[in-house]
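1. Please work out how this folds:
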Amino acid sequence: MVRHRKQLASTLILAFALIASVATFLFASPLEAQGQQSPTGIDTVLVDKANAGDADSQFKLGVIYRDGLGVSQNDSIAAEWFSKAGEQGKVEAQLALGQLYGHGDGLGKGLALDYAQAAVWYRKAAEQGNAEAQFYLGGILGLGKGVPEDDAQATGWWLKSAEKGNVSAQYGIASAYENGFGLSRDYSQAAVWYRKAAEQGDDGSEYRLGFLYEHGQGVTQDLAQAADWYLKAAKKGHSEAQFRLGVLYQVGRGVPQSLEQAANWYRMAAEQGQSTAQLLLAALYERGQGVTQDYAQAIIWYRKAAEQGDATAQHNLGQIYDDGHGVPQDFAQAVNWNRKAAEQGLAVAQEFLGLAYRLGRGVPQNNMAAYFWLDIAAARMPKPDQDKVIKVRDVVAAELTPSELANMQKQAAEWFAAHPPQP
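-> Got it, this is the predicted structure:
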């Protein structure tokens, strides 16, 4: 499940590492080891209790150094105190040490990344029932960071954490059920866990629950419910939910049709970089649907989506340049954008490129290149457009020599082999 793995990886990306000397952990006071007196701002009684072996005091000192509370922030000293408390079974210290190693805040005062040590300390806390540690341990196991990758163990720890109400784990186990990650795919169980997390206000879970309702996966299809859950997530700024809600408004599924509302939600998602929302918002501006027709705005949003690699946006932007709507007519730009889309396999852009070469429009006239792109377009163009493309292609073919035709057919076959149809 690529999407979940990427999200989890971003959660675990920053870390802090091992303490340099194990002997310092076991025998020396951290303050003594650093050659320091008790710094101003720390209660000397707390230091004395920590040096005497009191786990609660050791944990508190770790927090003071980790957060820089009245002292210079220092993760190395914090880790020493957390380790002392953790070795005595202080679960909060075990979790804190795992976090320093596994996903620290990036201050990095003398520590280096060490997922293996993070896993050790997360496991200690997890085995004591700490839900947060169980979630992070599952994440490390699922990613195979510092430990052998083990999807079954990962989901096992997520499930333990989720059952204790950890919202991140609830999302994780739902995603595992939805995508068959470490568990048999089960949309109904995915819906159960997404709902639990959604009811705690998790916007990602609200979005995924809406998606399941929209598509009738694990729940009875209910477009009104889909719209409700999308709306909850969309109001929190979830760009995918904003985009999906815009689609429902545009087509009138689960909500009254409203192109104005569609444009509103597309804009919110588009401003966050959601490329399909940018494409659809551009199309509304081009057609004057739900917004005042504005080719300049259409070009802006088509370009944003096109620059993210959206093939349809690339073709549409090229078509605007070809027609000269809102911009000076520019056949070279039209060809440039359609070439990008054609190389991604968009048949209508391949047809455009073939005709451009046939006519010498924006490119030097070239019947061999024209045949190549028309032949590729014809193979994947739906009827009845396919028949029209074939007719033009065959006219071009008649003007090629047998060797030129054979060469282009060979190149087309190689292109198809390198670009199999997407499922």
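
2. C-alpha from now on. contacts and neighbour counts both.
-> Fine.

3. tell me the domain boundaries of the protein?
-> As given by automatic domain parsing, the domain ranges for the chain are 284-344, 345-423.

4. Which among these is found nearest to residue 159?
-> Of all the domains of the chain, the one in closest proximity to residue 159, counting by C-alpha to C-alpha, is domain 345-423 (32.2 Å).

5. and that closest one, how far out from the chain's middle?
-> 36 Å (C-alpha atoms, centre = their mean, to the nearest Å).

6. ranges for the helices of the stretch 1-150 of the chain?
-> Along the stretch 1-150 of the chain, the stretches classed as helices by DSSP state H, counting those that start in this stretch are 2-11, 22-27, 30-33, 44-51, 55-67, 75-87, 91-103, 115-127, 131-143.

7. shaky segments in this structure?
-> For the chain, applying pLDDT under 70 flags the ranges 1-41, 103-111, 423.

8. Swap in 80 and give it another go.
-> Residues of the chain meeting the criterion pLDDT under 80: 1-41, 103-112, 422-423.

9. for the domains of the chain, which one sits closest to residue 84?
-> Comparison of the domains of the chain against residue 84 by C-alpha to C-alpha identifies domain 284-344 as nearest, at 49.8 Å.

10. what distance separates the start and the end of the closest one?
-> Using C-alpha to C-alpha, to the nearest Å, the end-to-end distance of domain 284-344 comes to 24 Å.

11. next one: stretch 339-357
-> End-to-end distance for stretch 339-357, by C-alpha to C-alpha: 11 Å.

12. now residue 192, nearest residue through space, not along the chain?
-> The spatial neighbour of residue 192 that comes closest, neighbours along the chain excluded (C-alpha to C-alpha, 6 or more residues apart in numbering), is residue 174 at 7.5 Å.

13. Please give me every residue in contact with the one you found.
-> Residue 174 is in contact with 189-194, counting by C-alpha atoms under 8 Å, 6 or more residues apart in numbering.

14. one more time with 7 Å, if that's ok
-> The neighbours of residue 174, taking C-alpha atoms under 7 Å, 6 or more residues apart in numbering as the test, are 189-191, 193-194.

15. for the stretch 301-423 of the chain, what spans make up the helices?
-> Counting by DSSP H, counting those that start in this stretch, the stretch 301-423 of the chain has these helices, from start to end: 311-323, 331-343, 347-359, 367-380, 385-398, 402-418.

16. follow-up on the earlier one: I'd like to know which of the contacts of residue 174 are part of helices.
-> Counting by DSSP state H, the part of those found in helices is 189-191, 193-194.

17. if we take the residues you listed, which one ends up nearest to residue 306?
-> Distances from residue 306 to the ones in helices among the contacts of residue 174, taken by C-alpha to C-alpha, are shortest for residue 194, at 33.1 Å.

18. neighbours of the closest one, just the number please.
-> Residues lying near residue 194 (other C-alpha atoms under 10 Å) number 29.

19. Turn the domains of the chain into CSV, including distance to residue 217 and mean neighbour count.
-> Below are the domains of the chain laid out as CSV (distance: least, C-alpha to C-alpha, whole Å; neighbours: other C-alpha atoms under 10 Å):
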stretch, distance to residue 217, mean neighbour count
domain 284-344, 27, 21
domain 345-423, 20, 18
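
20. Give the helix, strand or coil label for residue 160.
-> With DSSP: H, G, I helix; E, B strand; the rest coil as the basis, residue 160 sits in helix.

21. distance of it from residue 208?
-> In terms of C-alpha to C-alpha, residue 160 sits 21 Å off from residue 208.

22. Have a look at these two and say which one is more surrounded.
-> Using other C-alpha under 10 Å as the criterion, residue 160 and residue 208 rank with residue 208 on top: 26 against 21.

23. Chain neighbours aside, what residue packs nearest to the more buried one?
-> Once flanking residues are discounted, residue 208 sits nearest to residue 194: 7.0 Å by C-alpha to C-alpha, 6+ apart.
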